[in-house]
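In: make a model of this:
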Amino acid sequence: MNYPYMPKSTALWLIENTALTFEQIAEFCGLHELEVKNIADAETYKIQPLNPILSGQLTREDIEKCEADASAHLTLREEIVKAQQKQNKKGVGYTPKLHRQNRLGGILWILKNYPELTDGQVARLMRSTNPTVASVRNKTHASYSVIQIQSPVVLGLVSESAIHEAVAKAQKQANKKNKK
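Out: Numbering: from 1, shown residues only. This next block holds a predicted model:
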């Protein structure tokens, strides 16, 4: 599911400027309905409203259609969805310090779940180095005994689509080797 850029800001604008239900806003913004209700109930906002019409995420007609029919759903414009998909293929951008510390756990998770990936592929996915990946694979890393295995997708270190693309590439290479 694709959600708008800055979902809470978008939700705030939709609450203030439309007659949409909390459920419709929550579904469109990828928030829980209670979270949307809390945004609506707040008297002071720490966030600025973001107009989804001006940002090109919605059209006025979509909003009017959903205001008239409470069972209708808002959807992002196709151009925004394509732009998000293109951005997702590049992988995850900034990694918070907390999650960077869990990088070894993500590397170990990938090695255990996708052993067909080479050290270079794992290093590229996790934005690490080949020697680090090799030492984790060989269980010789200095911190190996304290590594907590965690999914790098959950940690936000890599996108799920990037992992699937790397696995498909590895399988394709393995098939070429088997044919020779």
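In: tell me the secondary structure for residue 106?
Out: Classification of residue 106 using DSSP: H, G, I helix; E, B strand; the rest coil returns helix.
In: can I assume it is in contact with residue 158?
Out: Yes: Residue 106 is in contact with residue 158 according to CB atoms under 8 Å; the separation is 7.1 Å. Placement of C-beta: from N, CA and C, glycine included.
In: and the two? Which one has more around it.
Out: residue 106 (27 against 23; other CB atoms under 10 Å).
In: with adjacent residues omitted, what lies nearest to that one?
Out: In space, residue 106 comes closest to residue 152 once its chain neighbours are excluded; the distance is 3.1 Å by CB to CB, 6 or more residues apart in numbering.
In: please tell me how far the one you found sits from residue 113.
Out: Going from residue 152 to residue 113 by CB to CB, to the nearest Å gives 10 Å.
In: okay, those two: which has more neighbours?
Out: residue 152 (26 against 12).
In: hang on, the earlier thing: show me the contacts for the residue nearest to residue 106.
Out: By CB atoms under 8 Å, 6 or more residues apart in numbering, the contact set of residue 152 is 103, 106-107, 109-110, 125-126, 158, 163.
In: could I get those as TSV with secondary structure?
Out: Below are these laid out as TSV (three-state DSSP):
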residue	secondary structure
103	helix
106	helix
107	helix
109	helix
110	helix
125	helix
126	helix
158	coil
163	helix
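In: distance to residue 6 added to those, as TSV?
Out: Output for the contacts of residue 152, formatted as TSV (distance: CB to CB, whole Å):
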residue	distance to residue 6
103	27
106	27
107	31
109	30
110	31
125	27
126	28
158	23
163	27
